[in-house]
Every structure is written in C-alpha cells, then in structure tokens.
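1. Pasting the sequence and the predicted coordinates here, then a few questions.
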Amino acid sequence: MNIIVCVKQIIDPEIPAAIFKIDPNAKRAIPPDRRAFIISDYDEVAVEAAIRIKEAKGGKVTVLSLGSQSVIETIKHCLAMGADEGILLTDPLFEEEDRSLTAYALAMAIKKVGEFDLIFCGRQEGDWDAGQVSLGIAEILGIPSVNPVKKVEVKNGTILVKRIVDDGYEVIEIPCPALVTVSNELGKPRYPDMKGIMMAARKKISIWTSQDIDAEPSKLGPSAAKVKMLKLYIPVNEARCEFVEGETPEEAGANLALRLRKAKLI
Amino acid sequence: MSEYQRVLIYGEILEGKLASITKELLGIGRKLADELGQMLYAVIIGSGIPAELAQECVYFGADKVYVIDDPLFKDYLTDSYTAAMEKLTRDLKPDIVLFGQTSMGRDLAPRLAYRLNTGVTLDCIELVIDSETKLMYQTKPVYGGKAYAIYVCQTKPQIVSIRPKTMSPIERDTSRKGEVITFALNINATAIGGKVVERIKEEITRIKLEDADVVVCGGRGVGEDGFQLLEELALSLNGVVGATRPPCDNGWVQAQYQIGLTGKVVAPRLYIGVALSGASQHLSGMMGSKNIVAINTDPEASIFRAAHYGVVGNYRKVISAFIEKCKEEVTS
Ligand SMILES: Cc1cc2nc3c(=O)[nH]c(=O)nc-3n(C[C@H](O)[C@H](O)[C@H](O)COP(=O)(O)OP(=O)(O)OC[C@H]3O[C@@H](n4cnc5c(N)ncnc54)[C@H](O)[C@@H]3O)c2cc1C
Ligand SMILES: Nc1ncnc2c1ncn2[C@@H]1O[C@H](COP(=O)(O)O)[C@@H](O)[C@H]1O
C-alpha cells in the first residue's frame, strides 16, 4: 500500500478565546508565540491511520504539506511517528486564502508522486475549518472519496471504511485508489518515541515549488481565486452571567433550582 | 444580465419527512430569491420519496421542486449524488446553491463546487445580498468560532452550506402554489465508485438530542462515573444528555452525543453546561440555546462568558442539591 497523507500546520486551535488575536488588515490570526504552531489535529489522526495500515499490510507512507519553511517541523513530527518520507510544498504563489488553489497544488504534487493507493486527509483543518481541500483533491484527481470516517480497513485490494453520519455510521466499500478523510473517533495518534525521533533525522524531506509540480501559473495566485475574504473580525458576545451563590456548593445548587424556577425555566 | 438566475436548495429527508434543515434552507432561500427577484427551486434526491414532500417544499417557500427518485439513490454515495447534482445544476444554471451543513451537505457541496469549477464556503451562519454587486456575502465562523470571516464567491454558482438552526423557516402556507417536476437522469451505475455495505443506527435516547427542549451537557471535568448523575438531572427536567468532545473521545459517552463544531448543533430552550470549559468549538454547537446555565469550579472558565446563569463549585454537590430541591418543590 502506497499511502499519501496531507497534513497542515496550524495555530493551536485550543488557544483560549481570551488571548486569541487577529490582524484585521492582513485578515489573519496572530500566533501568540512560535510554539503555537502544531499539526492540525485530525491530520495527526490521519497519519496514525496510515501508519496502522502500513503496520498491518506493509507499504510506504508519504507526508505532504503545503506551507512555509516552518512546516518542516510538522513533517518531522510525522516522520518520527513512523511515516517514511516527507514533501514540503512551498512557493509565494501558494499563499492564497482560496482553498481551491491549495487543493489544486496538492493534487498536482500527488500526480508528481505518481503511484498511490490511498490518500488520507483530516476531516477539516483546525484553523479556518474550511472542510473542502480533501474533496477538492479527490475531484481534481477524479477518484472516489469518503468523508469523514472513523475506521479504515484494507481487504483484497479494496478499502472498507466506517463513515460517520448523524445517527450512526455506514460501512462503505470503495476501490483503490481513493481518498478518505479521518475524524478523531479513529483513536488517539501515537507519540513519537526516542527511536522514532532518531530515525526521522535520517528520512528524506523534499521541497517542491510550483514549477516542480508542473502547476499552471494561471491556476495559482490571487488572480485565480474564486472565493475572496472581505473581512475577518472577532464577534462580540453580549451575554452577561448572573452568578447564583450560596455558603456551600449544595446551597448554591438549591438556589440555582429556585432561581430557574422563578425565571420559569424549569 | 447573467444567465445564472435562480436560487436552488438541496432538500433532505429525515424519517420520511422534510428535515428541519430543509425548512431552514427554504426560509433563507426564499429571502435571497426575493431580494434578487429570482425563483426559488428545491431538489430532493432519494429512492421512494414520499409523494407529499415536494408539495411540503412548496408550502415552505419553493416555486419549483425537482424530484429525483431512483433506486440508484437509495443510499447516499458521494459519486452518484454528485453526478445527479452536476446534471441538474448544469441544466438549471442557478445563481446560488444552498446545502445544509449535515453529513450529506458537508460532503456533497465541495465535490459539486469543484466539479463545476466554482467556489464553496461551508458552515455559514449568515447570508446577505450585497446591494451593489448582487453577490452573496457569506459569514462563516473560523478558528473554531473565535473569529468570523465574510467571504464572497466571484464565480457562479455561489455554493454554500448552512449551519443547522441558524436560519428561520417561513410559516407553512398551504395556499402557496408551485410546480413539481420529476427529473430523470441517465447515470451509469457501473461508473459509481463504492457501495454502502450496511447502515448502523446508534442513537438510543428517548428524545433526539437536536430536538430536545432541555440539554444537559457534560465536559471532561464530569469524569467517567459522573454521567450517571447528569442522566438523573436530565431525566428530572425531561431533557437529554450531551457531551463535549473529550468524554466522547474517552468512550464515556457515545460520539453521537457530541455537541459542537464537529458534532451536533443544539438550540434548546434550556442548556446546562457541566464541568466544561466553553471552548469555542463547543460553543459553536450550542450558542443558539435560549437560556444557558453553567456549572464549573473555575470562575474564569470561558463558558461563564456565554452563560446567563452560573454557579461556581463542584458539580457533584451542586447538582445533587439541585435535584433534591426540584423534588422538594414538586412535592410541596
Ligand atoms: C477542529 C476542532 C473541532 C472540535 N470540535 C469540537 C466539538 O464539536 N465539540 C467539542 O466539545 N469540542 C470540540 N473540539 C475540542 C475543543 O477545542 C475542546 O478541547 C473541548 O471542547 C474541551 O472540552 P471540555 O470543556 O469538556 O474540557 P476542558 O477544556 O478540559 O474543561 C473541563 C472543565 O471542567 C471543569 N471542572 C473540572 N472538574 C470539575 C468539577 N468537579 N466540577 C465542576 N467543574 C469542573 C474545569 O474547571 C474545566 O473548565 C474541537 C477541536 C478542534 C480543534
Ligand atoms: N496546506 C495544506 N497542506 C497539506 N494538507 C492540507 C492543507 N490544507 C488542507 N489540507 C488537507 O485537507 C484537509 C481538509 O482541510 P480544509 O479543507 O482546509 O479544512 C486537512 O485536514 C488536510 O488533510
């Protein structure tokens, strides 16, 4: 099995709202510090899914990420988890807010990689929550996709997945090659151990620009964007909390019942 | 004038009825269509679609309803449904296509958009027509809801999905007139990648989480053994228990009961958040609740910034006393 996993480096999505800042002119979030850059959490689960299949069936896991030089750290993390090779896509032309351009660049890079049976993505990125790059890649490559899944199995050359739906799940069988997006229900990703980290240092990371992937310049950059962001802002929240008190937590609990009864809520 | 001249909504069926998201889509779709002076179209895809549903779409605002009914569409599959929507949208040339941010919509909307070579924005909470350009401004929460972005799509059709419970349906009106059209497709079944082997339903509560009048939501701080107490509280208020992501990830609660950005969206009359911090990704799924109560040991927890009523304290003590008091009140 040749597996490609698309991973994105993002600003930690769990930064509390109280310290979250944006630059409204640049229409971007301001990272509080360098450590705030991490692998998007569903993508880490996607790497885990790929490594599990490799362990069961053999094969190779290639990690692909589009972003700036700092993304090398994220790729190294995936290599330390057990991926075999990394590719960084970096080019000023890639820096656009329209996700269709990201999907195009990633799809072209996958074409250049050539042979693959399975592509894993996260169900959505943890920063802008776009939820479309993966499906865009599948569409550009003309392969089937299932989104989002909590289990993946490979059986006699076909792929068996459990797709999460609102009231349960569906078992779906798809032929290779295919693209699958992974959700956190798959399970916790492993921590890289010492051996993994040392092995990672010897693994190959390629760096490709738009020319390396034979991308058409007209399909990249601001002029190719279909969707434009007009504004980014932090919403104001007007709720004011009335704290219900008491000498003890028990008394506060009883007072809460009285308060909600008075407000006719219970 | 542009050749793209109608608003199309993607209708979903739930247990033989129009899903509530479909009524919400018809509501916002009607508003956008009226503002643009365009017609509102709806499409329903499936197998054995109850005959009255198309008419229901009309009662809720549609001018024309396309019904695509074929055994091929018994199960949702990305390939077959995208092919159907591609055919319909190439024929109709809608200006705007609206989906719900549901398991179907979040999958179908992007594939359709990429196939038609246009843009897409998922999980929008507000849509307005710009008076000058007549383009649709799309507000979408980003960074898990900590910020909002407004997008515009410069290609047609403009495709978006809408977060459930953020748009209001219009009043059902049986005097509304509309046309129902059966749309037949010639889709090559052998070209469809994949098949559904089985469907497993995991939901088990008395009341659907999304429809509950009272929701008691537990967070990581509840602990594995604490959810029993929350069940007790929910039962006494005739409500349902939901959870944040960590209790689901830890297997204390089934994943179907996760509330938030990547879980269910609830907007009950009363929401009680217990031992959860109020992360933006969770708030995304409950901010529409009419009355929000929070119980947390940490007075600085973000949930208190969203709550109407709060208690600072250990939830076990607070809730036990709360339940006792409720019983007392009822008997006296
Ligand atoms: C892309 C993405 C999507 C996500 N989607 C979702 C989603 O859909 N839904 C979701 O919920 N999360 C989601 N998350 C996760 C989210 O960011 C938070 O990690 C999560 O909501 C935190 O859950 P929590 O509040 O239960 O836990 P914590 O943040 O750990 O909070 C626990 C709280 O319990 C309090 N506490 C502890 N003990 C007690 C006690 N005895 N009595 C009272 N209070 C106590 C603590 O003070 C603390 O405030 C998502 C994250 C990402 C990145
Ligand atoms: N810059 C990127 N580099 C690599 N993969 C990406 C990038 N952006 C998105 N993806 C992949 O696409 C998935 C969905 O992202 P999105 O559509 O942006 O929410 C992510 O979970 C990744 O697997």
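-> Sure thing, it's come through. Ligands and ions are numbered 1, 2, ... in the order given.
2. Who are the contact partners of the nearest residue in space to B:Gly16 that is not next to it in sequence?
-> Nearest non-adjacent residue to B:Gly16, counting by CB to CB, 6 or more residues apart in numbering or on different chains: B:Pro50, 5.5 Å away. Backbone N, C-alpha and C define where each C-beta goes, glycine included. Counting by CB atoms under 8 Å, 6 or more residues apart in numbering or on different chains, B:Pro50 makes contact with B:13, B:16-17.
3. Same question for A:Asp214.
-> By CB under 8 Å, 6+ apart, the contact list for A:Asp214 reads A:108, A:111-112.
4. Tell me the one of those nearest chain B?
-> Each of the contacts of A:Asp214 was scored against chain B by CB to the nearest CB, and A:Met108 proved nearest at 14.2 Å.
5. which SS state does the closest one fall under?
-> helix (DSSP: H, G, I helix; E, B strand; the rest coil).
6. what's around it, how many residues?
-> 22 (other CB atoms under 10 Å in any protein chain shown).
7. And the nearest residue to it once chain neighbours are set aside, how far from ligand 1?
-> Excluding its sequence neighbours, the residue lying closest to A:Met108 (CB to CB, 6+ apart) is A:Ile213, at 4.1 Å. Relative to ligand 1, A:Ile213 is positioned 28 Å away (criterion: CB to the nearest ligand atom, to the nearest Å).
8. can you check B:Met167 too?
-> For B:Met167, the distance to ligand 1 (CB to the nearest ligand atom) stands at 20 Å.
9. Would you mind confirming that that residue makes contact with B:Leu26?
-> No. With contact defined as CB atoms under 8 Å, B:Met167 does not reach B:Leu26; the gap is 9.3 Å.
10. Those two - which one has more neighbours?
-> Between B:Met167 and B:Leu26, counted using other CB under 10 Å, B:Leu26 has the larger neighbour count: 28 against 22.
11. Against which helices or strands is the helix or strand hosting that one packed?
-> Using DSSP states H and E, B:Leu26 sits within helix B:20-36. Judged by 3 or more CB pairs under 8 Å, 6 or more residues apart in numbering or on different chains; DSSP states H and E, helix B:20-36 is in contact with strand B:6-11, strand B:39-46, strand B:96-100, strand B:126-129, strand B:158-162.
12. Quick one: work out the angle between the third one and strand B:6-11.
-> So the one you mean is strand B:96-100. Per axes from the mean of the first three to the mean of the last three CA atoms, to 10 degrees, the angle that strand B:96-100 makes with strand B:6-11 is 20 degrees.
13. Can you tell me which of the contacts of B:Pro50 lies closest to A:Met198?
-> B:Ile13 (55.1 Å; CB to CB).
14. Skipping adjacent residues, who's closest to the closest one in space?
-> Nearest one to B:Ile13, counting by CB to CB, 6+ apart, is B:Gly46 at 5.9 Å.
15. Report the contact partners of the one you found.
-> So B:Gly46 contacts B:13, B:68-69, B:73-74 (CB under 8 Å, 6+ apart).
16. Give me the buried subset of the residues you listed.
-> Taking 16 or more other CB atoms under 10 Å in any protein chain shown as the criterion, what is buried in the contacts of B:Gly46 is B:13, B:68-69, B:73.
17. where are the low-confidence patches of the stretch 101-250 of chain A?
-> Flagging of the stretch 101-250 of chain A using pLDDT under 70 yields an empty set of residue ranges.
18. Name the residues of it found near ligand 2, please.
-> Within the stretch 101-250 of chain A, the positions near ligand 2 by CB under 6 Å from any ligand atom are A:102, A:106, A:121-122, A:124-125, A:130-134.
19. hmm, 8 Å instead?
-> Counting by CB under 8 Å from any ligand atom, the stretch 101-250 of chain A comes close to ligand 2 at A:102-103, A:106, A:120-125, A:128-137, A:181.
20. so which of the helices and strands packed on helix B:20-36 gets nearest B:Ile204?
-> strand B:96-100 (23.7 Å).
21. B:Asp69: what's its closest spatial neighbour, skipping adjacent residues?
-> Nearest residue to B:Asp69, sequence neighbours excluded (CB to CB, 6+ apart): B:Ile49, at 4.9 Å.
22. Just want the residue of chain A that's nearest ligand 2.
-> Taking CB to the nearest ligand atom, ligand 2 has its nearest neighbour within chain A at A:Gly122, 2.5 Å off.
23. who's in contact with the residue nearest to that residue when sequence neighbours are not counted?
-> Nearest residue to A:Gly122 in three dimensions, chain neighbours excluded: A:Tyr42, at 2.9 Å (CB to CB, 6+ apart). Applying CB under 8 Å, 6+ apart, we find A:Tyr42 in contact with A:122-126, A:181-184.
24. What of A:Trp208?
-> Counting by CB under 8 Å, 6+ apart, A:Trp208 touches A:87-90, A:109, A:112.
25. and if you look at B:Ala191?
-> Applying CB under 8 Å, 6+ apart, we find B:Ala191 in contact with B:79, B:83.
26. Now it. Its backbone dihedrals?
-> phi -80, psi 0 (degrees, to the nearest 10).
27. swap in B:Ile303?
-> Backbone torsions of B:Ile303, given as degrees, to the nearest 10, read phi -60, psi -30.
28. Relative to chain A, how far out is the residue nearest to B:Ile13?
-> B:Gly46 sits 15 Å away from chain A, going by CB to the nearest CB, to the nearest Å.
29. What is the burial count for B:Val7?
-> Counted with other CB under 10 Å, residues neighbouring B:Val7 total 29.
30. Ok, B:Phe304 next?
-> The burial count for B:Phe304: 23, using other CB under 10 Å.
31. State the helix or strand in which the residue of chain B at minimum distance from ligand 2 lies.
-> Sorted by distance to ligand 2 under CB to the nearest ligand atom, the residues of chain B start with B:Pro110, at 7.7 Å. For B:Pro110, the host element (DSSP H and E) is helix B:105-115.
32. Show me what the next helix or strand after that helix is packed against.
-> Moving toward the C-terminus from helix B:105-115, the next helix or strand (DSSP H and E) is strand B:120-124. Applying 3+ CB pairs under 8 Å, 6+ apart, one finds that strand B:120-124 contacts helix B:105-115, strand B:136-142, strand B:147-153, strand B:158-162.
33. Buried deepest among the ones you listed, which one?
-> Looking across the helices and strands packed on strand B:120-124 with neighbours counted as mean count of other CB atoms under 10 Å in any protein chain shown, the highest average goes to strand B:158-162: a mean of 29.
34. quick one: strands adjacent to it?
-> According to DSSP bridges, strand B:158-162 forms sheet pairs with strand B:96-100 (parallel), strand B:120-124 (parallel).
35. Rebuild those as JSON lines, extending it with mean pLDDT.
-> As requested, the strands paired with strand B:158-162 are exported to JSON lines (pLDDT from 0 to 100):
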{"stretch": "strand B:96-100", "mean pLDDT": "98"}
{"stretch": "strand B:120-124", "mean pLDDT": "98"}
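36. Reformat these into a markdown table and put mean neighbour count and distance to B:Thr262 next to each item.
-> As requested, these are exported to a markdown table (neighbours: other CB atoms under 10 Å in any protein chain shown; distance: least, CB to CB, whole Å):
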| stretch | mean neighbour count | distance to B:Thr262 |
| --- | --- | --- |
| strand B:96-100 | 28 | 15 |
| strand B:120-124 | 27 | 10 |
